[in-house]
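*Asks:* Sequence first, predicted model second:
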Amino acid sequence: MRTQVVIVGAGPSGLLLGQILYRAGVDAVIVERQSPDYVLSRIRAGVLEQVTLDVLTHAGVDQRMNKEGLVHTGFDLLFKGARHRIDLAALTGGQKVMVYGQTEVTRDLMDARQSAALTTIYEADDVQIHGFDTTKPSVSYRKDGKSHTIECDFIAGCDGFHGVCRASVPKQSIKEFEKVYPFGWLGVLSDTPPVHEELIYANSPRGFALCSQRSHTRSRYYLQVPLTDKVEQWSDDAFWTELRHRLDPEARDQLVTGPSIEKSIAPLRSFVTEPMRFGTLFLAGDAAHIVPPTGAKGLNLAATDVKYLSDALIEACVEKSHAGIDHYSARCLARIWRAERFSWWFTSLMHNFPDQGEIGQKFQEAELDYLVHSDAGSRTMAENYVGLPLNFGESLRSTHA
Ligand code: RFL
Ligand code: PHB
């Protein structure tokens with residue numbers, strides 16, 4: 001088989017890239033290790049920035065999102081037992097975010113791909129990439145006991161943190177930056193009404209908690225837990241009891257509990273790969289970088305990588321110009337490091353670190369107190385949370401030039 005672009009991974013990055021390339025007339029095949037049901041069963045992101053909404057609109061998959069997504073114009077920071085609202089819209093000239101789960105984004109992209117009868121090879125075993133230091137790369141895999149090879153012009157590595165693409169790059173050609181946090185997030189999904197109409201990010205001496213949601217009838221909650229904890233140790237009752245301890249009295253009263261429909265623990269990590277292009281191989285999304293989820297940036301960064309990569313590949317395949325390809329890595333990394341910094345800072349501010357002691361808790365509370373009472377502090381928080389504009393550094397550079 002031959003195609004222009006082989007996309008490895010059918011998570012949100014790979015599916016979104018496939019959809020944008022298809023609309024521009026570029027042929028692509030997606031190769032995915034798991035089944036469609038498995039991909040849809042992973043409960044992950046919940047908050048989409050405006051830039052991501054724009055990319056999904058550009059990809060033509062915005063109909064259900066616009067109908068069912070919940071627009072949020074602010075969120076609450078909870079510390080010292082009291083809540084303070086960060087008014088995103090008022091602080092950023094009317095910007096907002098949308099609560100629309102990654103599962104729904106993925107489902108919309110899968111449906112669009114199916115309606116257009118595009119090729120996705122699910123349950124592909126032993127996926128390997130070859131010759132990406134040449135102009136004739138290829139991707140091989142096994143399916144139903146048979147070996148297959150797809151020849152192409154470019155490979156897009158959209159295969160997540162544990163994928164094969166980044167792992168195939170020779171060690172001397174790649175630099176990895178990593179910080180692993182000494183705790184994880186225990187997440188629970190439940191068919192109960194959310195405790196509050198907006199999200200609550202809670203700092204408590206017992207550890208961080210987050211009250212999020214998927215709809216008016218489906219809630220998503222997270223608790224900071226030690227990395228050594230196992231999901232089996234956490235009964236639903238234990239989860240709700242601990243969550244109540246970390247909330248303010250009003251939220252504690254209003255919390256509606258019920259059986260969990262999903263429960264999992266995710267480790268927290270900051271990770272960046274430089275560069276993101278290796279000859280005819282391009283990394284995008286979690287394959288190239290990970291943020292701790294506190295800032296809700298992971299899926300949003302994946303969407304902007306895909307925007308830059310689709311622009312570059314369309315230029316190369318349709319206009320036969322390599323300018324976009326040559327700038328891909330630098331354009332992405334400038335945006336990624338800003339989001340990495342914000343996610344690391346917000347994580348450090350909200351979590352209980354094993355060695356922080358009482359003084360560390362006091363420092364966090366004093367910083368949060370400053371943030372919510374200072375216009376400059378609140379604005380910095382808000383503009384990073386809603387997401388910096390796509391041309392952020394570029395416009396600054398040109399005005400100072
Ligand atoms: P994915 O979603 O990991 O998809 C990669 C796909 O590649 C496949 N794959 C392979 N396929 C073929 N061959 C191989 N050898 C392969 N190896 C792997 C995998 O099966 C999979 O289908 O990466 P992608 O597409 O880059 O998407 C990234 C996002 O999933 C991720 O950044 C977000 O979920 C992060 N995230 C959040 N992001 C936000 O923007 N807002 C949020 O509110 C938010 N909350 C979260 C999050 C992530 C979390 N976890 C579990 C880490 C909350 C949590 C708890
Ligand atoms: C979620 O709803 O899963 C979610 C929301 C906000 C975050 C992280 C996760 O910062």
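*Replies:* On my side now, so go ahead. Ligands and ions are numbered 1, 2, ... in the order given.
*Asks:* Would you quantify the distance from Met267 to Phe183?
*Replies:* I think there's a mix-up here, since residue 267 is Pro and not Met. Computed as Cβ to Cβ, to the nearest Å, the Pro267 to Phe183 distance reads 8 Å. Just so you know, the C-beta spots here come from the backbone N, C-alpha and C atoms, and that holds for glycine as well.
*Asks:* just Lys230 next, same as before
*Replies:* For Lys230, the distance to Phe183 equals 14 Å [Cβ to Cβ].
*Asks:* cool, Glu394 as well?
*Replies:* 36 Å.
*Asks:* Residue numbers of the chain in contact with ligand 2?
*Replies:* Residues of the chain lying close to ligand 2 by Cβ under 6 Å from any ligand atom are 45-47, 199, 210, 212, 220, 293-294, 296.
*Asks:* which of the residues you listed are buried?
*Replies:* Burial by neighbour count, judged by 16 or more other Cβ atoms under 10 Å, picks out 45-47, 199, 210, 212, 220, 293-294, 296 from the residues of the chain next to ligand 2.
*Asks:* Pretty sure Val386 sits against Gln50.
*Replies:* Yes - Val386 lies in contact with Gln50 (Cβ atoms under 8 Å); the separation is 6.6 Å.
*Asks:* Find residues that contact each of those two.
*Replies:* Residues touching both Val386 and Gln50 (Cβ atoms under 8 Å, 6 or more residues apart in numbering): 95-97.
*Asks:* on that earlier part again, more neighbours: Glu394 and Phe183, which one.
*Replies:* Comparing Glu394 with Phe183 by other Cβ atoms under 10 Å, the one with more neighbours is Phe183, at 23 against 12.
*Asks:* mind listing what's buried in the host helix or strand of that one?
*Replies:* Phe183 is part of strand 175-190, with elements assigned from DSSP states H and E. Going by neighbour count (16+ other Cβ under 10 Å), the buried part of strand 175-190 is 181, 183-190.
*Asks:* Tell me the first helix or strand C-terminal of it.
*Replies:* strand 200-202.
*Asks:* Give me the residues contacting that next one.
*Replies:* Strand 200-202 is contacted from outside by 75-79, 83, 208-211, 246-247, 251, 294, 350, using Cβ under 8 Å, 6+ apart.
*Asks:* Let me see the backbone angles for Ala90.
*Replies:* When quoted as degrees, to the nearest 10, the phi and psi of Ala90 stand at phi -70, psi -30.
*Asks:* how about it, what does it touch?
*Replies:* By Cβ under 8 Å, 6+ apart, Ala90 has no neighbours at all.
*Asks:* how much space between it and ligand 1?
*Replies:* 22 Å (Cβ to the nearest ligand atom, to the nearest Å).
*Asks:* So what's the residue count around the residue lying closest to His216 once chain neighbours are set aside?
*Replies:* In space, and not counting its chain neighbours, His216 is closest to Pro193: 6.3 Å by Cβ to Cβ, 6 or more residues apart in numbering. Using other Cβ under 10 Å, the number of residues around Pro193 comes to 17.
*Asks:* Downstream of the longest helix out of those in the chain, the next helix or strand is which one?
*Replies:* For the chain, the helix that runs over the most residues, judged by DSSP state H, is helix 323-350. Where DSSP H and E defines the elements, the next helix or strand beyond helix 323-350 is helix 357-373.
*Asks:* If you count neighbours, what's buried in that next one?
*Replies:* Buried, per 16+ other Cβ under 10 Å, within helix 357-373: 361, 364, 367-368, 371-372.
*Asks:* Also stretch 383-390?
*Replies:* In stretch 383-390, counting by 16+ other Cβ under 10 Å, buried: 383-388.
*Asks:* before we move on, the earlier item: pull up the pairing partners for the strand holding Phe183, direction included.
*Replies:* Strand 175-190 pairs in its sheet with strand 219-225 (antiparallel), strand 260-274 (antiparallel), by DSSP bridges.
*Asks:* just how off-centre is the shortest one within its chain?
*Replies:* With Cα atoms, centre = their mean, to the nearest Å as the basis, strand 219-225 stands 17 Å off its chain's centre.
*Asks:* where does the stretch 251-400 of the chain come near ligand 1, residue by residue?
*Replies:* So far as Cβ under 6 Å from any ligand atom goes, the stretch 251-400 of the chain lies against ligand 1 at 266, 285-286, 293, 296-300, 302.
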